[in-house]
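Student: Could you look at this predicted model? Sequence included:
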Amino acid sequence: MVIAIISLPCSHFSYDIRIIGAAASSAEQAKRRKYENLDSSFIFVPFGVETLGPWGPEARALFKELSKRVIESTGDPRAGSYFGQRISLAIQRGNAASILGTVPRCVGFEDILDFI
């Protein structure tokens, strides 16, 4: 489960803006509390990401562990970087879809979407 946090609304200004990823970290903690009673046969790791890029601490730790395993499995030291790029691209596509979902439809809009 990826938690995408849109950190631009006023509701997120209460976080300490000097702490990078504060909104993502807070969202991870909230999700951890929400699923704390999950059956022990599941492994739950919240993966919080802010709209403009910062990842929460659990997201970073999970990525580092998975990246290490991908590198060990493939033997390619670039595999971890490629894995990170794929995740980042998926997050950015999700952000774009969220933004486009708020734009009102108008004549000629389909041409723009085809271009994107």
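Tutor: In hand now; what should we look at? Numbering: from 1, shown residues only.
Student: The chain: helices as residue ranges?
Tutor: Ranges of helices in the chain, per DSSP state H, are 22-34, 57-74, 79-100, 109-115.
Student: which phi and psi does Ser40 have?
Tutor: Backbone torsions of Ser40, given as degrees, to the nearest 10, read phi -70, psi -10.
Student: what about it, how many residues close to it?
Tutor: Neighbourhood size, Ser40 [other Cβ atoms under 10 Å]: 6. In short, each C-beta sits where N, CA and C put it, glycine included.
Student: I'd like the helices of the chain as CSV, with mean pLDDT, distance to Ile43 and mean neighbour count appended.
Tutor: Output for these, formatted as CSV (pLDDT from 0 to 100; distance: least, Cβ to Cβ, whole Å; neighbours: other Cβ atoms under 10 Å):
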stretch, mean pLDDT, distance to Ile43, mean neighbour count
helix 22-34, 89, 12, 19
helix 57-74, 95, 10, 15
helix 79-100, 88, 18, 13
helix 109-115, 60, 38, 9
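Student: Relative to Ser41, which of these is closest?
Tutor: Evaluated over those, closeness to Ser41 peaks at helix 22-34, with 17.4 Å, by Cβ to Cβ.
Student: Which secondary structure elements does that closest one sit against?
Tutor: strand 2-5, strand 47-50, helix 57-74 (3 or more Cβ pairs under 8 Å, 6 or more residues apart in numbering; DSSP states H and E).
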